[in-house]
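Asks: Everything below, folded, please.
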Amino acid sequence: MRTNEFPILEYDENRQATLEPASMIGAKKEPPFGTDKLVICFFPEALKRLIAEKKLVPEREIPGEVPVSVYRFSDENVLLVPGQVGCPACAGDLDLFHAMGIRKVMFCGGGGVLDKNIGVGELLLVEGAIRDEGFSYHYLPPSREVAADPAVIRTIARYLDEHHIPYLRGKTWTTDAIFRETPERVRRRREEGAKIVEMEQAGCLAVAAFRGFSYGALIYGGDDVSGETWDDRAWTSRAGIRYDLILLCKELVKAI
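Replies: Below is the predicted model:
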């Protein structure tokens, strides 16, 4: 292990941990999934609509202190799970899902824009994330950013272009602390090229890189944190965008 004055920078290159996700799979535990494709979404109202329309059916519930509901699309062998806020919950679950057979993942969610010119609902194809959190440092050596797999990015971009779906490309700023997005931090992250702030991408990208599976993310522009005061922009009320984004990610996860 690389020692450091600061514990978060003490990266351990040993790939074997005391508790491995695989130890939670198998006889008398969680059986593997019957597919390798998964969509992670953060839109509860869209999820309810898909269930009501019978486009999603319950697959199973993974027990625990915070049980995880897993759904399957009725017309495709693709799973969907509601996203959990923050890297430890969302990316930690992702590591478990990989042990259960998931090899292709598409993430869809919303995030705070760092540039007010990014409209509500405008899509960002995530090319990487600034690692301003703690989870990813347990999966990858310390670095300022983590990049997405270029092959996955090319596949998603090609699909969006072929279907004439407008989008931006760029990186996010992943933070653990929603109430510490200070003006100076926002300014600096914007100067580094981040377009959206969110709470999961650095961790999910790190897990995908560490475990070696395909992961892509589309995040739509939500509230505005670029100014002196926060602007909600009614971003959670864009039901059509959120519903369509889930269905788009269902198609994309088959392609990556």
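Asks: Now Ile196: phi and psi?
Replies: Ile196 adopts backbone torsions of phi -140, psi 150, taken as degrees, to the nearest 10.
Asks: what bridges to it?
Replies: With DSSP bridges as the criterion, Ile196 is bridged to Val113, Thr172.
Asks: That one against Ile219, yeah?
Replies: Yes: using CB atoms under 8 Å, Ile196 is in contact with Ile219, at 5.5 Å. Where you see a C-beta, it was placed from the backbone N, CA and C, and this is true even at glycine.
Asks: intersection of neighbour lists for the two?
Replies: Residues touching both Ile196 and Ile219 comprise Gly111, Leu124, Thr172, with contact defined as CB atoms under 8 Å, 6 or more residues apart in numbering.
Asks: The second one and Asn14, how far apart?
Replies: Put plainly, it is Leu124. From Leu124 over to Asn14 the distance is 35 Å, taken as CB to CB, to the nearest Å.
Asks: More neighbours: the two, which one.
Replies: Leu124 (24 against 6; other CB atoms under 10 Å).
Asks: so what's the closest residue to Phe43 other than its chain neighbours scoring on pLDDT?
Replies: Nearest residue to Phe43 in three dimensions, chain neighbours excluded: Arg242, at 4.0 Å (CB to CB, 6 or more residues apart in numbering). Arg242 is assigned 92 on the pLDDT scale.
Asks: right, and Arg242 touches Lys48 too?
Replies: No: counting by CB under 8 Å, Arg242 does not reach Lys48; the two are 11.3 Å apart.
Asks: Looking at the two, which is more packed in?
Replies: Between Arg242 and Lys48, Arg242 has the larger neighbour count (other CB under 10 Å), namely 24 against 11.
Asks: What helix or strand is the more buried one located in?
Replies: Element membership for Arg242, per DSSP states H and E: helix 239-255.
Asks: Which other helices and strands does that helix contact?
Replies: Counting contacts by 3 or more CB pairs under 8 Å, 6 or more residues apart in numbering; DSSP states H and E, helix 239-255 is packed against strand 37-41, helix 44-52, strand 104-113, helix 150-162, strand 214-224.
Asks: contacting residues around that helix?
Replies: By CB under 8 Å, 6+ apart, helix 239-255 touches 37-39, 41, 43, 45-47, 49-50, 73, 76, 78, 80, 104-108, 110, 121, 123, 155-156, 159, 165, 216, 218, 220.
Asks: sorry, back to before: possible to save the helices and strands packed on helix 239-255 as TSV with mean pLDDT and distance to Arg190?
Replies: As requested, those are exported to TSV (pLDDT from 0 to 100; distance: least, CB to CB, whole Å):
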stretch	mean pLDDT	distance to Arg190
strand 37-41	98	26
helix 44-52	96	29
strand 104-113	96	10
helix 150-162	98	21
strand 214-224	94	12
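Asks: Please convert the ones you listed to JSON lines, extending it with distance to Pro7.
Replies: Converted to JSON lines, the helices and strands packed on helix 239-255 look like this (distance: least, CB to CB, whole Å):
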{"stretch": "strand 37-41", "distance to Pro7": "29"}
{"stretch": "helix 44-52", "distance to Pro7": "35"}
{"stretch": "strand 104-113", "distance to Pro7": "28"}
{"stretch": "helix 150-162", "distance to Pro7": "32"}
{"stretch": "strand 214-224", "distance to Pro7": "27"}
